[in-house]
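Undergrad: Test case, fold it:
(one chain, ligands or ions: 2)
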Amino acid sequence: MEDLDQTFIQAPEHRADSNSIPNQPEEIPVIDLSRLNDPEDIQNVISEIGDACETWGFFQVINHGVPCDTRKRVEETVKIFFDLPMEEKIKVKRDEVNPAGYHDGEHTKNVRDWKEIFDFFLQDPTIVPATPEPEDTDKRELTNQWPQHPADFREICQEYAREVEKLAFKILELISISLGLPGDLLSGYFQEQTSILRFNHYPPCPNPELALGVGRHKDGGALTVLAQDSVGGLQVGRRSDGEWIPVKPIPDALIINIGNCMQVWTNDKYWSAEHRVVVNTSKERFSVPFFFFPSHETNIEPLEELLSEENPPCYKKCNWGKFFVSRNRSDFKKLEVEDIQIDHFKA
Ligand code: OGA
Ligand code: NI
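TA: Ligands and ions are numbered 1, 2, ... in the order given. Below is the predicted model:
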């Protein structure tokens, strides 16, 4: 216990062992997307997705079209990267100016996470456009940093990113339809998307009862597409009562979770669930989230089409880019994308 750095220690009420998992936990829905090929089943799939977004904000998809061998190659190359000596990894370390690259000091709600990460932007290089205030000339160049080893790291990662991006657009379309909206209503917000692909490595932890791989948080963007390995550890807070429910690893499945932007767009119909990762003493774990983020100029506010006298907006308008950049600038520790708080939008 004295080995564990203080910065990792969770407050007692947030520790993994203080909230026991129900004996027979419910499971988040699993949806087979190959059913979309059957015209008679499409509507059922869409309404299952809608129900999952509303009840859980989390579901898993199988037969999702992202080739398994592409994902496996990513997992292999990422393992090789994280296995490199620290002096190699810090050659691509993220810093105050550039938020892309390697980092092992991630914090969630000011407690350090038991993990190391590597982030890259899908659109590379990305220049953050000036925020709406003309005097704000602080344009920051966000350039991806790629390691020299493994040599094919960049190519393999970008290939996976392209595949997972296609799935994200597909899910976005299905979600729009599930809301009774045109399928392409939201895709326009992603023309110059600020999406990030992240690799998480959670090493074994000597004190899993005190630390977390990632502390409880909500993802900030529109939605997240997450690949996890077979180790397990991800838990989602159930919407109805906040109980922590494990997200069971299913080979070749991908996890979809709703982010804060989607909750705002839908005026709280769809749910951005809190989630966290518990660690263990013996097994390292890898996961690959794709954070689907809109373009900088997007204003996030409840969609007019969904509002009525009975359903007035519960969020005020907020510019995504301004929000994103200002968070980055104001406190580097809070750079982590998942820390973008939904409270910020509250009307
Ligand atoms: C995240 C996250 C979950 C996981 O990186 O935002 O929630 O299983 N990761 O690694
Ligand atoms: Ni998350």
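Undergrad: Centre of the chain to whichever strand or helix holds residue 47, how far?
TA: For residue 47, the host element (DSSP states H and E) is helix 42-55. How far helix 42-55 lies from its chain's middle: 20 Å, per Cα atoms, centre = their mean, to the nearest Å.
Undergrad: and what of stretch 286-306?
TA: Distance, centroid of stretch 286-306 to centroid of chain: 11 Å (Cα atoms, centre = their mean).
Undergrad: switch to numbering from 788
TA: Sounds good: first residue 788 from here, last item stretch 1073-1093.
Undergrad: That stretch: end-to-end distance?
TA: Using Cα to Cα, to the nearest Å, the end-to-end distance of stretch 1073-1093 comes to 38 Å.
Undergrad: how much space between the closest residue to residue 971 other than its chain neighbours and ligand 2?
TA: For residue 971, ignoring the flanking residues on the chain, the nearest one in space by Cβ to Cβ, 6 or more residues apart in numbering is residue 960 at 6.9 Å. Where C-beta positions appear, they are placed from N, C-alpha and C, glycine not excepted. Using Cβ to the ion, to the nearest Å, residue 960 is found at 23 Å from ligand 2.
Undergrad: Please identify the helix or strand for residue 1063.
TA: strand 1062-1064.
Undergrad: Next, residue 983: phi, psi?
TA: The phi/psi pair for residue 983 (degrees, to the nearest 10) reads phi -130, psi 140.
Undergrad: Please verify my assumption that it contacts residue 1046.
TA: No: counting by Cβ atoms under 8 Å, residue 983 does not reach residue 1046; the two are 11.9 Å apart.
Undergrad: Common neighbours of the two, please.
TA: Counting by Cβ atoms under 8 Å, 6 or more residues apart in numbering, the shared contacts of residue 983 and residue 1046 are residue 1078.
Undergrad: more crowded one of the two?
TA: When residue 983 and residue 1046 are compared on other Cβ atoms under 10 Å, the one with more neighbours turns out to be residue 1046, at 25 against 22.
Undergrad: dump the residue contacts of the more buried one.
TA: Residue 1046 is in contact with 1005, 1006, 1007, 1008, 1009, 1010, 1011, 1059, 1078, 1079, counting by Cβ under 8 Å, 6+ apart.
Undergrad: Same check on residue 1020?
TA: Counted by Cβ under 8 Å, 6+ apart, residue 1020 has contacts 989, 1000, 1064, 1065, 1066, 1067, 1072.
Undergrad: if I pick the residue of the stretch 938-1087 of the chain found nearest ligand 1, what's in contact with it?
TA: Closest residue of the stretch 938-1087 of the chain to ligand 1, Cβ to the nearest ligand atom: residue 1074 (3.4 Å). Contacts of residue 1074 were listed using Cβ under 8 Å, 6+ apart, and they are 986, 987, 989, 1013, 1014, 1015, 1016, 1021, 1064.
Undergrad: Packing partners of the strand or helix carrying the fifth one?
TA: Residue 1014 is located in strand 1010-1015, with elements delineated by DSSP H and E. Contacts of strand 1010-1015 with other secondary structure elements, assessed using 3 or more Cβ pairs under 8 Å, 6 or more residues apart in numbering; DSSP states H and E, are made with helix 855-870, helix 940-965, strand 1041-1045, strand 1072-1079.
Undergrad: Reformat these as CSV; add mean pLDDT.
TA: Below are those laid out as CSV (pLDDT from 0 to 100):
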stretch, mean pLDDT
helix 855-870, 98
helix 940-965, 98
strand 1041-1045, 98
strand 1072-1079, 98
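Undergrad: which of those sits most buried?
TA: Highest mean neighbour count of those: strand 1041-1045, a mean of 26 (counted as mean count of other Cβ atoms under 10 Å).
Undergrad: Alright, that wraps it up for me.
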